[in-house]
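Q: Let's see this in three dimensions:
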Amino acid sequence: MSFKPTIEQNQIFNFFKNGKENGMIDAVAGSGKTSTIINGIDYIDKKNKILFCAFNKKIQEEINQKTVNKENVIVKTTYALGLSILKYHFEIFTRSPNLDKSKYFNILNEQLRKNKSNNYVEETKFTRYFEKIKFIYYQEKKQEEPDIFYKTFYSNYYRLVDLLRYTLSYAKGESSFQRLVEKYAIDIDQKNTQLLELYRKLVELAIGEGNIKAKLLGIYDYADMIFLPCEFKLSSPDQFDIVFVDECQDLSNAQLITITKYLKKGGRFFAVGDPFQSIYGFAGASPESFNNIKTLYNPKMFKLTNCFRCSSDIVKLAQEIRPDITTTNSFKSSIIKIKFDDIIKYVQKGDFVLSRQNCNLFEVVFKLLCHNIKCKIIGKKEILKSLKDIIDNNKLYSEKYYEELPDHLQKIYKIAENKLGNNPANYEKLENLGDSINILESCFFHNQNAKTLNDLFDYIESLMNCEDEDSVILSSIHRSKGLEKKNVFIIGYNELPIKKENMLEWQLYQEKCLKYVAITRAEVNLYQTESPPDKNDTLVLQDAILDQPSLIDIKSSD
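A: Purely as a prediction, here's the structure:
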């Protein structure tokens, strides 16, 4: 062994060697959970075929390098496992597979195709559902509201197509669909049962068409890799004596069931994860994943409580959320409370700056650029899309509209606030909208040259284009998971975890998890930074505004 195992690790290794049951490791942040599994494999009889399920491609490559001499170990992502099942059962997936990231965009276009006379090429249930959804939108739209029907519809369509598959909620009925819309804050009026039913029927028609295209033509997207093996109730081409699963707290229902297909009857299942790092519930990962595995496999429980990453002072902070996290580290470190404007006194090349709100990151950008400090924002593509989604395309080149932009943005927020009300299910919709509005307003006031919204979007994109390796790295807390740095700044630290009236229990829990994730990114020095001062009276929100990454983030831990 290349390291001296702790008492907890020795208990796990002994269980690997002599136990017969399934096992589960509840591992705190920075506890070396992946290394524990890899070293633990040496204690397992080499006659056993072992499958290691990696959370993403990057982790798969790292583990492959560390297990290169272990011939009985196969390392794959859950998506690769699902694709292997499809290839095993459908010859088309071996002969001419077609990974089409735009699969459901193409299905939508096919269904809504029109001729030169602007009539549908073929009137179907799909076109009728679509027209009724559009009619309801314009019937309820107030005159002063921006016309964003197509943006709203496309956003709802793509999110529902993905979520119904990730959560295995496809064709499960009206009540299941309504719960999903509520839980994931889909932009559909939940009081309008007719609208809910129209969306359900339309999206299920699209998924049904997608399933046919997969079977007959081998056309699939990423979600199909783990959804179709479950939907078609397919068996795996191979089975293993032992299956290891890393980051088990972030598994979607489709991932868990796909993995289960590879476990030999009488085989052993080992899962490792940290329930306090469960922060991807918004994107299809099951917040109950950790407990679902307990129920399904009845594993013997183990813990890894020693954090090798963080200083003792930082661990003490993390203990406020997860009391059992400990460390034997004794190196010097600092936890410093600073004002936002003082960040330039402390920040260095390569440091992390984290925030629960994307709008705060842009204030950091302006602050750093004023002092010629290079910086880059992680997730720029998704941020830019979220900004464009709230704007009517017809206004992109209007100079008059741009001159009055703060007033228009304030109206957009107030209309949404009145429409969404205090329903906790709408909490994230309103917060995400507010985040986008705050970014647009902040950039509006910092840029004196833009004449139109299109100019402003170009300016915002330019702010995020720096790719220098020595840049200061800015990220939402969500996107920072899996990363670590010597120095970490958390903007708006004193506001975490965010609590709002009427928040649902799982939302409150995930906010605590986000604070824990942010704290445990820091190895040595943690800067508890205040939120930026409010310099514009016209800013719509003065509360913390939340950020949620897009669905694609579930595929990567960074």
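
Q: chain center to the lengthiest helix in the chain: distance?
A: In the chain, taking DSSP state H as the definition, the longest helix is helix 193-217. How far helix 193-217 lies from its chain's middle: 24 Å, per Cα atoms, centre = their mean, to the nearest Å.

Q: Then stretch 61-69?
A: 26 Å.

Q: Average pLDDT for that stretch, rounded please.
A: Regarding stretch 61-69, the rounded mean pLDDT is 91.

Q: just stretch 299-317 next, same as before
A: Mean pLDDT, stretch 299-317: 97.

Q: CA-only coordinates of it in CSV, if you can.
A: Output in CSV follows, covering the C-alpha atoms of stretch 299-317 (Å, rounded to 0.1, in the frame of the first residue of the first chain):
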residue,chain,number,x,y,z
PRO,A,299,-25.9,-2.6,2.9
LYS,A,300,-23.6,-2.7,5.9
MET,A,301,-22.8,1.0,6.7
PHE,A,302,-19.3,2.4,7.0
LYS,A,303,-17.9,5.9,7.4
LEU,A,304,-14.9,7.9,6.3
THR,A,305,-14.9,10.9,8.6
ASN,A,306,-11.3,12.2,8.3
CYS,A,307,-10.9,15.0,5.8
PHE,A,308,-7.4,15.0,4.3
ARG,A,309,-8.0,18.1,2.2
CYS,A,310,-8.9,20.9,4.6
SER,A,311,-7.3,22.6,7.5
SER,A,312,-8.6,22.0,11.0
ASP,A,313,-10.1,25.5,11.1
ILE,A,314,-12.0,24.9,7.8
VAL,A,315,-13.2,21.6,9.1
LYS,A,316,-14.6,23.2,12.2
LEU,A,317,-16.7,25.4,9.9
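
Q: in the chain, which ranges drop under the pLDDT threshold?
A: 1-3, 281-287, 421-426, 535-558 (pLDDT under 70).

Q: hmm, back to that, not counting the longest helix of the chain itself, show me its contacts.
A: With contacts defined as Cβ atoms under 8 Å, 6 or more residues apart in numbering, helix 193-217 is touched by 86, 90, 92, 98, 103-104, 107-108, 111, 125-126, 129-130, 132-133, 136, 156-157, 160-161, 164-165, 170-171, 174, 177-178, 181, 188-190, 219-220, 224, 228, 231-232. C-beta: built from backbone N, CA, C; applies to glycine.

Q: In strands, which of those appear?
A: The strands, defined by DSSP state E, take in 98, 219-220 from those.

Q: Give me the distance from the host helix or strand of I343 to the chain's centre.
A: I343 belongs to helix 343-346 when assigned by DSSP states H and E. Helix 343-346 has its C-alpha centroid displaced from the chain centroid by 30 Å (Cα atoms, centre = their mean).

Q: buried sites along it?
A: Neighbour counts over helix 343-346 (16 or more other Cβ atoms under 10 Å) mark I343 as buried.

Q: Likewise for stretch 469-481?
A: Residues of stretch 469-481 classed as buried by neighbour count (16+ other Cβ under 10 Å): 471-481.

Q: Just those: which are in strands?
A: Those of the buried residues of stretch 469-481 lying in strands (DSSP E): 472-476.

Q: Can you add distance to K486 and give the residues you listed back as JSON lines?
A: Formatted as JSON lines, these follow (distance: Cβ to Cβ, whole Å):
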{"residue": "V472", "distance to K486": "13"}
{"residue": "I473", "distance to K486": "12"}
{"residue": "L474", "distance to K486": "16"}
{"residue": "S475", "distance to K486": "16"}
{"residue": "S476", "distance to K486": "20"}
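
Q: between those, which is closest to F13?
A: Sorting these by how near they are to F13, with Cβ to Cβ, puts S475 at the top with 35.2 Å.

Q: Quick check, the closest one in contact with G379.
A: Yes: the pair S475 / G379 is scored as a contact, 7.0 Å apart, by Cβ atoms under 8 Å.

Q: CA atoms only: put stretch 469-476 into PDB for me.
A: As requested, the backbone C-alpha atoms of stretch 469-476 are provided in PDB (Å, rounded to 0.1, in the frame of the first residue of the first chain):
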ATOM      1  CA  GLU A 469      -4.300  29.300 -16.900                       C
ATOM      2  CA  ASP A 470      -3.200  31.800 -14.300                       C
ATOM      3  CA  SER A 471      -6.600  33.500 -14.100                       C
ATOM      4  CA  VAL A 472      -8.700  33.800 -11.000                       C
ATOM      5  CA  ILE A 473     -11.400  31.200 -11.400                       C
ATOM      6  CA  LEU A 474     -15.000  32.300 -10.700                       C
ATOM      7  CA  SER A 475     -17.800  29.800 -10.300                       C
ATOM      8  CA  SER A 476     -21.200  29.200  -8.800                       C
END
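
Q: any chance you could map the strands in the stretch 251-400 of the chain?
A: Per DSSP state E, counting those that start in this stretch, the stretch 251-400 of the chain carries strands over the ranges 263-273, 300-304, 334-338, 352-355, 375-377.

Q: which of those strands sits most buried?
A: Most buried of the strands of the stretch 251-400 of the chain by mean neighbour count (mean count of other Cβ atoms under 10 Å) is strand 352-355; its value is a mean of 27.

Q: Please name the strands paired to that one in the sheet, noting orientation.
A: Looking at strand 352-355 with DSSP bridges, its partner strands are strand 472-476 (parallel), strand 485-491 (parallel).

Q: now those in a markdown table, with distance to L504?
A: Conversion of the strands paired with strand 352-355 to a markdown table gives the following (distance: least, Cβ to Cβ, whole Å):
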| stretch | distance to L504 |
| --- | --- |
| strand 472-476 | 21 |
| strand 485-491 | 24 |
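
Q: Identify whichever of those lies nearest to Q528.
A: strand 485-491 (6.2 Å).

Q: Quick check: buried residues in the closest one?
A: 485, 487-491.

Q: With stretch 103-121 instead?
A: Buried residues in stretch 103-121 (16+ other Cβ under 10 Å): 103-104, 107-108, 111, 120.

Q: Closest one of the ones in strands among the buried residues of stretch 469-481 to N18?
A: Closest to N18 out of those is S475 (42.9 Å), distances taken as Cβ to Cβ.

Q: Counting neighbours, what do you get for the spatially closest residue to that closest one that is not a sequence neighbour?
A: Nearest non-adjacent residue to S475, counting by Cβ to Cβ, 6 or more residues apart in numbering: I378, 4.2 Å away. Neighbours of I378 under the rule other Cβ atoms under 10 Å: 20.

Q: I figured I378 hits H478, correct?
A: No: counting by Cβ under 8 Å, I378 does not reach H478; the two are 9.7 Å apart.
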